[in-house]
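Asker: Build me a structure from this.
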Amino acid sequence: FCSAAGAVRSKPLHCNGVPLPHHLCLADRLTRTCVHSQVLNDKLDAWSFECLLHTYFKVDDIRSVGVAGLQGAEYLDKANGGERKKEKAKLVEPRNFTDRVYVAGTGALQSMASAEIMSGNEPVAKVECTCSRAANATWGTPTPSPDLVVWNPFEQAPGDLGDEYEKMVCVEPGLVSRPVESLVNGRLTLTQTIIPL
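Answerer: This next block holds a predicted model:
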């Protein structure tokens, strides 16, 4: 599992011994924040990977939070054994343990994954994510589109999280519904933009 959760760390991130270059650009609070995470295979063998940009949004109360823009998308319900379902609701409202992987290429999740975090009836932020590959790399498959994960552990929160689950929601773009095959000298960039609304 590869994670860009430490995008603000000063030391390089690694996955299976492979460095993960990353870049975090912080703009004015009223504009946007971007995170770029790259996976570069400079080894002599191809390998597969998953990547997830762990993004935790602070909220006043999880019971008043919803995530819009996922209606019609298919998701893997990891809280229920990974069962594949289709989102029927206009607003995903995590009111108990929620761990859903919204699958790229379904519903509105096409080449760009996008969702809005709502507090009550008001949008507070928008998450957008794209994926690109280096032009000089040879890939045997099309560029993957990003998935979007909605997560809150509720009572299953790890001990160090305590009751903080009541004041956060994770809306995490990544490549997790199926492993991505990396070719030798292949470079893939996952870009996330967070826009306050």
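Asker: Would you mark the buried spots in stretch 177-196?
Answerer: 177, 180, 182-183, 186-195 (16 or more other Cβ atoms under 10 Å). (Each C-beta comes from the backbone N, C-alpha and C, glycine too.)
Asker: Repeat that for stretch 146-165.
Answerer: By neighbour count with 16+ other Cβ under 10 Å, stretch 146-165 contains the buried residues 146, 147, 148, 149, 150, 151, 152, 153, 157, 165.
Asker: And these, which is the shakiest by pLDDT?
Answerer: Among the buried residues of stretch 146-165, residue 157 has the lowest pLDDT, at 80.
Asker: so what's it closest to, chain neighbours aside?
Answerer: Leaving aside its sequence neighbours, residue 157 sits nearest to residue 165 (Cβ to Cβ, 6 or more residues apart in numbering; 4.4 Å).
Asker: quick one: contacts for the one you found?
Answerer: 62, 152, 153, 154, 157 (Cβ atoms under 8 Å, 6 or more residues apart in numbering).
Asker: with the residues you listed in mind, which one is nearest to residue 45?
Answerer: For those, the residue nearest residue 45 by Cβ to Cβ is residue 153; the value is 35.8 Å.
Asker: which SS state does the residue nearest to the closest one when sequence neighbours are not counted fall under?
Answerer: Nearest non-adjacent residue to residue 153, counting by Cβ to Cβ, 6+ apart: residue 165, 5.4 Å away. The local conformation at residue 165, judged by DSSP: H, G, I helix; E, B strand; the rest coil, is helix.
Asker: hang on, the earlier thing: just flag the most distant two among the buried residues of stretch 177-196.
Answerer: Of all pairs drawn from the buried residues of stretch 177-196, the greatest distance, 32.9 Å, lies between 183 and 195 (Cβ to Cβ).
Asker: just curious, which of the buried residues of stretch 177-196 is nearest to residue 131?
Answerer: When the buried residues of stretch 177-196 are compared for distance to residue 131 (Cβ to Cβ), residue 190 wins out at 5.4 Å.
Asker: from memory the closest one sits against residue 34, does it?
Answerer: No: taking contacts as Cβ atoms under 8 Å, residue 190 lies outside contact range of residue 34: 11.2 Å.
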